[in-house]
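**Student:** Any chance you could fold what I've pasted below:
(chains A, B, C and D)
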Number of protein chains: 2
Amino acid sequence: MNVLELTLNNCRETEASCTDRVSAMPLQSGLKLLNDFPSGQGLRPWSSLREICTLLNVQPVKDPQLCNQVFQHVLVKSGEQVHAIGQRFEMLYLVNSGFLKTISLSDGGQEVVLKFPMKGDLLGVDGIDGQRYACEAVALSDCDLIMLPFHKLALLGREYSELENLIYCMISRELVRGQMQIGMYSGLNAEARVARFLAALAERFGQLGYSSKSFNLRMSRREMGSYLGLTLETISRTLSALHAMGIINVSRRSVDIIDVAGLRTLRRIPPSYLNARDELRKRLH
Amino acid sequence: MNVLELTLNNCRETEASCTDRVSAMPLQSGLKLLNDFPSGQGLRPWSSLREICTLLNVQPVKDPQLCNQVFQHVLVKSGEQVHAIGQRFEMLYLVNSGFLKTISLSDGGQEVVLKFPMKGDLLGVDGIDGQRYACEAVALSDCDLIMLPFHKLALLGREYSELENLIYCMISRELVRGQMQIGMYSGLNAEARVARFLAALAERFGQLGYSSKSFNLRMSRREMGSYLGLTLETISRTLSALHAMGIINVSRRSVDIIDVAGLRTLRRIPPSYLNARDELRKRLH
DNA sequence: CGGTCGATTGAGGTAACTCAAGTGCGGTGG
DNA sequence: CCACCGCACTTGAGTTACCTCAATCGACCG
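**Tutor:** Below is the predicted model:
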């Protein structure tokens, strides 16, 4: 049984097992396998493990048979859900293109944004232990995801130690990124958080070959605030202040970075840029 | 080559490779292997994989040869470092007894507490990708850790799919716990955070067979604050207020839980319990 | 063209921070 | 044994950074 058969097989399994899923999956059924799509758009329905390694930014696996194994893609439209909290875990998803958010529910039932996965990031790792996804993934733009059926992946990993190690690294990396987030933003005020966030986003875009100077935010102010532990109004105000300082240009969701170094090192914004009011109040006292 | 040889061998390797470590390891050299210790204290220098499964709260591996494989312990004294940030990764550590903290450095060089690992928790998973630990682990009490040389573990995992799956689950679990933390505490005010934290701690102690009603905090107010994103003064005030409400008794680091349900559901503390001052000011207005 | 939704901006309130003064305990040394 | 010191914690008072509520604006969409 070759891998192509394995993956196709697995897709059928996925479809078949939809009925026994615990949580509602309003959009899951709308997911399209890429080979259902009209060809000739430059999109292919599967990627080789070699390509996957490139995407993950790791040494490509050397074994010739292994690195030609292929994995199927899936297209997710903007706003659609990739997986829900509590849904039975079967797949890891590797982002080939597009922009997403992962969320969990806070105590009050409010959604909390955990990450903004993009090209090269892995979704679903939190489902391995417990066999159910612990968070929900939603596409914030049309996305092209590579499906990695975990069971099959592990099976292959057993034969190829190279691949096994790759899997360990992928998972560990996700964990490290979560830790970095906490470390990075704790102890920073609102302005610095937003500034670092933009700088990190710009750097990431740059690494992926897009412009690091000029890009569109794919998330709403509310989502950004949730991710950074701030309210949407604070985000809006801070962006305006960074604009007023001449560090960025921002209009709605389009952002131009003027002074990257400034973004990275900013600690606090002089009150004059934030709001005339605050300064006035201080003088009155 | 049996596993006992493997692990002992690895320990020698660890000692030998101390010189090429990147970061300072002031205390690492003071770590003692358990078989250096006087026997007859009920402590054994190694644990079998069967025991490790119990500790991890997973189905014990069934293969008779595999589950009798043993792993060596290491004792870490309170205040000592288990591993440093940037130190070369070789080991996972499974906590057999004791209480620790893991920290990373915030932007300003301040330490940020990420977790408080205890019995059954795994340390070092963040080192797999990149081959260097991404955080620092410090013992907050005398600790008994089981050393799991990752390379050897992976080697064994390749032969025994059961074990391999176990490794994946262990790592994934660490990730999920990190996510839960973010989800749990975001959107809660200081009082609720402290209350949930105590409730979670109590529950954890209970699961481990200790008293869930009465225990000692092993961390300082500052460390607790760092973990919860609050200052030490806020922690202190909140504990006092919870005491005043009759939900807990607290004196220095010893805590008695009086009303667990209250802790879990608390949203805000009536001003009167917090400080007479605030209420007075309101009435004056 | 109205309706909806996201973003901006303003005004005021407040939760948590900062700074500072005390308190109590545990260790050390006379 | 007591006196001293250091450290973690407590408590107080004032400040402030961020939140909340509310009005407005603009883009998009049927």
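
**Student:** gap between the closest residue in space to A:G157 that isn't next to it in sequence and A:P64?
**Tutor:** Excluding the flanking residues, the one nearest A:G157 by C-beta to C-beta, 6 or more residues apart in numbering or on different chains is A:E164, at 3.7 Å. Any C-beta I mention is one placed from the backbone N, CA and C, and that applies to glycine too. Counting by C-beta to C-beta, to the nearest Å, the separation of A:E164 from A:P64 is 18 Å.

**Student:** between those two, which one's more packed in?
**Tutor:** Set side by side, A:E164 and A:P64 show more neighbours around A:E164, with 21 against 8, by other C-beta atoms under 10 Å in any protein chain shown.

**Student:** is it true that the more buried one lies in a helix?
**Tutor:** Yes: when DSSP: H, G, I helix; E, B strand; the rest coil is applied, A:E164 is found to be in a helix.

**Student:** how far away is it from B:G98?
**Tutor:** Counting by C-beta to C-beta, the gap from A:E164 to B:G98 is 31 Å.

**Student:** and the residue sitting nearest the centre point of chain A, how far is that from DNA strand D?
**Tutor:** Centroid-nearest residue in chain A, with C-alpha atoms, centre = their mean: A:P117, separated by 0.6 Å. Distance of A:P117 to DNA strand D, computed by C-beta to the nearest atom of the strand, to the nearest Å: 24 Å.

**Student:** Was I right to think that residue contacts A:L100?
**Tutor:** Yes: counting by C-beta atoms under 8 Å, A:L100 is a contact partner of A:P117 at 4.8 Å.

**Student:** okay, and the common contacts of the two?
**Tutor:** Residues touching both A:P117 and A:L100 (C-beta atoms under 8 Å, 6 or more residues apart in numbering or on different chains): A:L123, A:A137.

**Student:** which residues touch the nearest residue to A:G120 once chain neighbours are set aside?
**Tutor:** Closest residue to A:G120 apart from its sequence neighbours, by C-beta to C-beta, 6+ apart: A:L55 at 5.3 Å. Contact analysis of A:L55 by C-beta under 8 Å, 6+ apart lists A:S47, A:L94, A:N96, A:K119, A:G120, A:I146.

**Student:** Next, give phi and psi for A:L55.
**Tutor:** Note on A:L55: its backbone torsions stand at phi -60, psi -40 [degrees, to the nearest 10].

**Student:** Flag the helix or strand of chain A with the lowest per-element mean pLDDT.
**Tutor:** Scoring the helices and strands of chain A by mean pLDDT, DSSP states H and E places helix A:3-16 at the bottom, with a mean of 37.

**Student:** who's A:S254 bridged to?
**Tutor:** A:N216, A:S251 (DSSP bridges).

**Student:** Surely it touches A:N216?
**Tutor:** Yes: between A:S254 and A:N216 there is a contact under C-beta under 8 Å: 5.3 Å.

**Student:** Which of the contacts of A:L55 ranks first by neighbour count?
**Tutor:** A:L94 (24 neighbours).

**Student:** Now do the nearest residue to that one once chain neighbours are set aside, the pLDDT please.
**Tutor:** Among residues not flanking A:L94 along the chain, A:I146 sits closest, at 4.3 Å (C-beta to C-beta, 6+ apart). At A:I146, the model reports a pLDDT of 96.

**Student:** in what helix or strand does A:I146 lie?
**Tutor:** Using DSSP states H and E, A:I146 sits within strand A:143-149.

**Student:** Give me the sheet partners of that strand and which way each runs.
**Tutor:** Pairing partners of strand A:143-149, with direction, according to DSSP bridges: strand A:70-76 (antiparallel), strand A:91-97 (antiparallel).

**Student:** Tell me which stretches of the stretch 1-150 of chain A form helices.
**Tutor:** All helices of the stretch 1-150 of chain A, identified by DSSP state H, counting those that start in this stretch, fall at A:3-16, A:49-56, A:64-67, A:150-159.

**Student:** still on that earlier bit, residues in contact with the residue nearest to A:L94?
**Tutor:** Per C-beta under 8 Å, 6+ apart, neighbours of A:I146: A:W46, A:S47, A:I52, A:L55, A:F71, A:Q72, A:H73, A:V74, A:Y93, A:L94, A:V95, A:N96.

**Student:** go on, A:F89?
**Tutor:** So A:F89 contacts A:G124, A:G127, A:I128, A:G130, A:Q131, A:R132, A:Y133, A:F150 (C-beta under 8 Å, 6+ apart).

**Student:** hmm, try it at 7 Å
**Tutor:** By C-beta atoms under 7 Å, 6 or more residues apart in numbering or on different chains, the contact set of A:F89 is A:G124, A:G127, A:I128, A:Q131, A:R132, A:Y133.

**Student:** how about it, phi and psi?
**Tutor:** phi -80, psi 130.

**Student:** Next one: A:M25, what pLDDT does it get?
**Tutor:** So, for A:M25, pLDDT stands at 40.

**Student:** repeat for A:P60
**Tutor:** Per-residue confidence at A:P60 stands at 81 (pLDDT).

**Student:** Could you find the closest non-adjacent residue to it?
**Tutor:** Excluding the flanking residues, the one nearest A:P60 by C-beta to C-beta, 6+ apart is A:C53, at 4.1 Å.

**Student:** my guess is the one you found contacts A:V61, does it?
**Tutor:** Yes: taking C-beta atoms under 7 Å as the definition, A:C53 is a contact partner of A:V61 at 6.0 Å.

**Student:** Which one of the two is surrounded by more residues?
**Tutor:** Higher neighbour count among A:C53 and A:V61: A:V61, with 22 against 17, using other C-beta under 10 Å.

**Student:** Now do that one against A:L153, distance only.
**Tutor:** With C-beta to C-beta as the criterion, A:V61 and A:L153 are 12 Å apart.

**Student:** show me what contacts the nearest residue to A:S106 once chain neighbours are set aside?
**Tutor:** Spatial nearest neighbour of A:S106, chain neighbours left out: B:G187 (4.2 Å); criterion: C-beta to C-beta, 6+ apart. Residues in contact with B:G187 (C-beta under 7 Å, 6+ apart) are A:S106, A:D107, A:G108, A:Q110, A:V112.

**Student:** got it, and A:G157?
**Tutor:** Applying C-beta under 7 Å, 6+ apart, the residues contacting A:G157 are A:L163, A:E164, A:I167.

**Student:** let's see 10 Å
**Tutor:** A:66, A:150, A:163-168, B:157-158, B:161, B:164, B:168 (C-beta atoms under 10 Å, 6 or more residues apart in numbering or on different chains).

**Student:** Just the pLDDT for the residue nearest to A:L66 when sequence neighbours are not counted.
**Tutor:** Distance criterion C-beta to C-beta, 6+ apart; nearest residue to A:L66, sequence neighbours excluded, is A:Y160 at 4.8 Å. For A:Y160, the pLDDT comes out at 84.

**Student:** Am I right that A:Y160 is in contact with A:A154?
**Tutor:** No: using C-beta atoms under 10 Å, A:Y160 makes no contact with A:A154, being 11.2 Å away.

**Student:** tell me which parts of the stretch 1-150 of chain A are close to DNA strand D?
**Tutor:** With the criterion set to C-beta under 7 Å from any atom of the strand, the stretch 1-150 of chain A never comes near DNA strand D.

**Student:** Tell me where the model's unsure across the stretch 1-150 of chain A.
**Tutor:** Applying pLDDT under 70 to the stretch 1-150 of chain A flags residues A:1-44.

**Student:** if we go to 90?
**Tutor:** Where the stretch 1-150 of chain A drops to pLDDT under 90, the residues are A:1-45, A:49-50, A:53, A:56-69, A:106-110.
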